[in-house]
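Undergrad: curious how this folds, go ahead:
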Amino acid sequence: MKFKYIVAAALLSVTTFAQAADYPARPVTIVVPFPPGGSTDNIGRIIGAKLATKFGQAFPIENKPGATGAIGATQVSRAAPDGYTLLVSSLSVFVVNPHLQKTLQYNPTKDLDLITVAVQAPNVLVAGPAAKGGDTVADIVKYMKQHPDEVTFATSGNGSSDHLTAELFWQETGTKGVNVPYKGGAPAQADLMGGQVAYSFQNINAVIGHIRGGKMKALAVTSEKRSPLLPDVPTMEEAGIKNVVVNSWQAVAAPKGLPTDIRNKLRDGIVEALNDPAVKPNLLGVGFEIVGNTPEEFEKFQAQELARWKKVIDTAGIAAN
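TA: Here you go, the predicted structure:
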């Protein structure tokens, strides 16, 4: 009987190795749980195009927006764990939705196999023509303390990276602004530039053009070091605000149960794609930092981010839209 188990295990190992060696034998669907055109969609398309060239199979993008990424993530969590369905998403799917959505139909730690965090980029505090209080972060904090619940901040929606960054900023400075949620970054940016709202924490790659064009003023970045794109703009810590180091990030995952060899093959291919000489300079040029960590590092990072944003969300009493 013991011999039969040994033989069965050996056959399974050979079969798994053969599957990994032959993978991919057909097109691989990349689900992006947001509309086309955003940062996550762009990263998904860059990865998909390079993996298609590397492996000789198509990696088509399927945009499945809704519920801050939960609809697409749920679809992926229910797919076969064979490597032919992947998820490319921002942090909302992996570390925010579980704290906001009571009826969430997937569990990001139990239903997904984490492959790698692809890229990250800091947010930047930007001011529009309706800004009040001064031209420095210290001036804004002073004004907000004198005028509580008055200063408006445009966000991409409740629980978005820019909203959570604003809440963290308010908590660390003992202030409270007014969250003005929009359905995405583009309308939030439009109203900021139009003077309907005063400030916003936006992802640097989404607003660098507006900053350089003089339509927004950058006051501070949320990275540990100054951004090469805005070398004259201080970090939050340099501006006198500690503990507001925030990066928005995009990552790749698959349904739980992905064979280890296929997972490693995909991770290596993704890291190679991001560091391609035809890709890397373009990513760096709009503010992305390439991460490409291991699945084990991603799991540790996810646990830290889950705990961090739970504290911010619970303290602020944030609810989903």
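
Undergrad: which residue ranges of the protein form strands?
TA: For the chain, the strands defined by DSSP state E occupy 29-32, 61-63, 85-90, 112-127, 152-155, 178-181, 199-203, 217-221, 247-255, 289-290.

Undergrad: sheet-wise, list the partners of the first one with their directions.
TA: According to DSSP bridges, strand 29-32 has the following sheet partners: strand 61-63 (parallel), strand 85-90 (parallel).

Undergrad: the longest one now?
TA: Applying DSSP bridges, strand 112-127 is found paired with strand 199-203 (antiparallel), strand 217-221 (antiparallel), strand 247-255 (antiparallel), strand 289-290 (antiparallel).

Undergrad: and those as CSV, adding distance to residue 281 and mean neighbour count?
TA: Backbone N, C-alpha and C define where each C-beta goes, glycine included. Supplementary listing: those in CSV, determined by distance: least, CB to CB, whole Å; neighbours: other CB atoms under 10 Å:
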stretch, distance to residue 281, mean neighbour count
strand 199-203, 19, 28
strand 217-221, 20, 23
strand 247-255, 18, 25
strand 289-290, 11, 15
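
Undergrad: list the contacts of residue 87.
TA: Contacts for residue 87 were tallied using CB atoms under 8 Å, 6 or more residues apart in numbering; they are 30-31, 33, 72-73, 76, 93, 112, 252-254.

Undergrad: where does the stretch 101-250 of the chain dip in pLDDT?
TA: Judged against pLDDT under 70, the stretch 101-250 of the chain has no low-scoring part.

Undergrad: now with 90?
TA: Judged by pLDDT under 90, the stretch 101-250 of the chain has its weakly predicted residues at 102, 132-135, 156-161, 182-186, 205-206.

Undergrad: ok so, going back, deepest-packed of the strands paired with strand 29-32, please.
TA: Neighbour counts (mean count of other CB atoms under 10 Å) averaged over each of the strands paired with strand 29-32 peak at strand 85-90, with a mean of 26.

Undergrad: next structured bit after that one?
TA: helix 91 (DSSP states H and E).

Undergrad: re the thing from before, make TSV out of the strands paired with strand 29-32 and add distance to residue 308 and mean pLDDT.
TA: TSV is the format used below for the strands paired with strand 29-32 (distance: least, CB to CB, whole Å; pLDDT from 0 to 100):
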stretch	distance to residue 308	mean pLDDT
strand 61-63	28	97
strand 85-90	15	97
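
Undergrad: would you turn these into CSV with distance to residue 272?
TA: Output for the strands paired with strand 29-32, formatted as CSV (distance: least, CB to CB, whole Å):
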stretch, distance to residue 272
strand 61-63, 19
strand 85-90, 16
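
Undergrad: so for residue 277, which of those strands sits nearest?
TA: Taking CB to CB, strand 85-90 is the member of the strands paired with strand 29-32 nearest to residue 277, at 21.8 Å.

Undergrad: how far off centre is that closest one?
TA: Relative to its parent chain, strand 85-90 has a centroid offset of 11 Å by CA atoms, centre = their mean, to the nearest Å.

Undergrad: next one: stretch 210-217
TA: Here stretch 210-217 is found 23 Å from its chain centre; the criterion is CA atoms, centre = their mean.

Undergrad: for the residue nearest to residue 246 when sequence neighbours are not counted, give me phi and psi.
TA: In space, and not counting its chain neighbours, residue 246 is closest to residue 222: 4.2 Å by CB to CB, 6 or more residues apart in numbering. The phi/psi pair for residue 222 (degrees, to the nearest 10) reads phi -100, psi 20.

Undergrad: I figured residue 222 hits residue 245, correct?
TA: Yes - using CB atoms under 8 Å, residue 222 is in contact with residue 245, at 6.1 Å.

Undergrad: who has more neighbours, these two?
TA: residue 222 (26 against 17; other CB atoms under 10 Å).

Undergrad: and that one, what does it touch?
TA: Residue 222 neighbours (CB under 8 Å, 6+ apart): 122-125, 165, 201, 235-236, 244-247.

Undergrad: break the chain into its domains for me.
TA: 2-120+249-316, 122-221 (automatic domain parsing).

Undergrad: return the most buried member of these.
TA: Neighbour counts (mean count of other CB under 10 Å) averaged over each of those peak at domain 122-221, with a mean of 20.

Undergrad: dump the residue contacts of residue 32.
TA: Counting by CB under 8 Å, 6+ apart, residue 32 has contacts 40-41, 44, 61-64, 72, 88-89.

Undergrad: could you give the bridge partners of it?
TA: Beta-bridge partners for residue 32, by DSSP bridges, are residue 63.

Undergrad: and the gap between it and residue 313?
TA: Distance, residue 32 to residue 313, by CB to CB, to the nearest Å: 24 Å.

Undergrad: for residue 150, same thing?
TA: Distance from residue 150 to residue 313, by CB to CB: 23 Å.

Undergrad: so what's the spatially closest residue to residue 72 that is not a sequence neighbour up against?
TA: Nearest residue to residue 72, sequence neighbours excluded (CB to CB, 6+ apart): residue 33, at 2.6 Å. For residue 33, the contact set (CB under 8 Å, 6+ apart) comprises 40, 63-66, 69-73, 87, 89, 93.
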